[in-house]
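**Student:** This is a predicted model, with the sequence first.
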Amino acid sequence: MPKVSTVSQPDTRRPTEQLAPHIRPATIPDVPEIHEMLEVYASQGALLPRPMSDLYRHLRDFFVAELEGKIAVCGALEIFTENLGEVRSLVVTENFKGRGLGHLLVKRIVTEARTIGLSRLMALTYAPGFFHKLGFRTVSKGFLPEKVWGVCVKCYKFNNCDETAVLLELNRED
Ligand SMILES: CC(C)(COP(=O)(O)OP(=O)(O)OC[C@H]1O[C@@H](n2cnc3c(N)ncnc32)[C@H](O)[C@@H]1OP(=O)(O)O)[C@@H](O)C(=O)NCCC(=O)NCCS
């Protein structure tokens, strides 16, 4: 009979492989939790606050993944025009940061954006370095008039927006 080793081997898989979260479309019961997650960062000025009514209206933009029975990451794909979408409301809960969940969720959004035929995906962010690792490049906000004049113009930060605009061209393979 083969011996079974009792010495446990170190787990050499990457953190996301160990966590193996399943990314799924958000559902109505997720909304209060998503709202709470966004509020944490909104209160620190890291994200724009979004009322619950807005989240319900845009629910079908959202993807989430749960770990330990709670949503660990959420993020949304919002469509502006026939050739521009935005990664919005991307948040990883504090205790799961740095384990690849943010990366995984943006990759899911990129796949979705490609599937539906979008050619460009943008984000306004305080974490441009995170997006650069996913192939986005920093662009001038003037490069995104659909966003600036369609949405940003209504934002209280319009005249002193300090977020960085990043853009991914979805038709390019590099
Ligand atoms: C930014 C955020 C989504 C990143 O999620 P995360 O799960 O912690 O990041 P990941 O573990 O997937 O990181 C992927 C890579 O990006 C890097 N990275 C993570 N956060 C970064 C940041 N703020 N700036 C630069 N690089 C960052 C990681 O080091 C990692 O690099 P590696 O692949 O070389 O190891 C998360 O920290 C968060 O929720 N921040 C607060 C809200 C926010 O700023 N959201 C973005 C709004 S658009």
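**Tutor:** Received the coordinates, thanks. Numbers count the residues shown, from 1 in each chain.
**Student:** is the helix or strand hosting residue 71 anywhere near the ligand?
**Tutor:** Under the criterion DSSP states H and E, the helix or strand holding residue 71 is strand 70-81. No. Counting by Cβ under 6 Å from any ligand atom, the ligand is not contacted by strand 70-81; separation bottoms out at 6.6 Å. (Each C-beta comes from the backbone N, C-alpha and C, glycine too.)
**Student:** try stretch 33-50
**Tutor:** Yes. Stretch 33-50 lies within reach of the ligand by Cβ under 6 Å from any ligand atom, at 41, 46, 47.
**Student:** Could I get the contacting residues of whichever residue of the chain sits closest to the ligand?
**Tutor:** With Cβ to the nearest ligand atom, the shortest gap between the chain and the ligand falls at residue 102, namely 2.3 Å. For residue 102, the contacting residues are 73, 75, 90, 92, 130, by Cβ atoms under 8 Å, 6 or more residues apart in numbering.
**Student:** And those residues, which two are furthest apart?
**Tutor:** Greatest spatial distance among those (Cβ to Cβ): 73 and 130, at 12.7 Å.
**Student:** The two - which one has more neighbours?
**Tutor:** Counted by other Cβ atoms under 10 Å, residue 73 and residue 130 do not tie: residue 73 has more neighbours, with 27 against 16.
**Student:** Now name the helix or strand holding the residue of the chain closest to the ligand.
**Tutor:** Secondary structure from DSSP H and E places residue 102 in helix 101-116.
**Student:** rewinding a little: for the strand holding residue 71, what is the distance to the chain centroid?
**Tutor:** Strand 70-81 sits 5 Å away from the centroid of its parent chain (Cα atoms, centre = their mean, to the nearest Å).
**Student:** any idea which helix or strand comes after that strand?
**Tutor:** Later in the chain than strand 70-81, the nearest helix or strand by DSSP H and E is strand 84-92.
**Student:** Residues contacting that following strand, please?
**Tutor:** 34, 37-38, 40-41, 47, 50, 61-62, 72-80, 101-102, 105-106, 109, 113, 118-124, 131, 144, 146-147.
**Student:** now do stretch 158-171
**Tutor:** Contacts for stretch 158-171 (Cβ under 8 Å, 6+ apart): 110, 113-114, 118-126, 128, 131-132, 134-141, 143-144, 147, 152, 155, 157.
**Student:** ends of that stretch, how far apart?
**Tutor:** With Cα to Cα, to the nearest Å as the measure, stretch 158-171 spans 30 Å from end to end.
**Student:** And the average pLDDT for that stretch is what?
**Tutor:** Mean pLDDT, computed over stretch 158-171, is 87.
**Student:** got it, and stretch 127-134?
**Tutor:** 97.
**Student:** which of the residues in it are buried?
**Tutor:** Buried positions in stretch 127-134, judged by neighbour count with 16 or more other Cβ atoms under 10 Å: 128, 130, 131, 134.
**Student:** Fine by me, we can end here.
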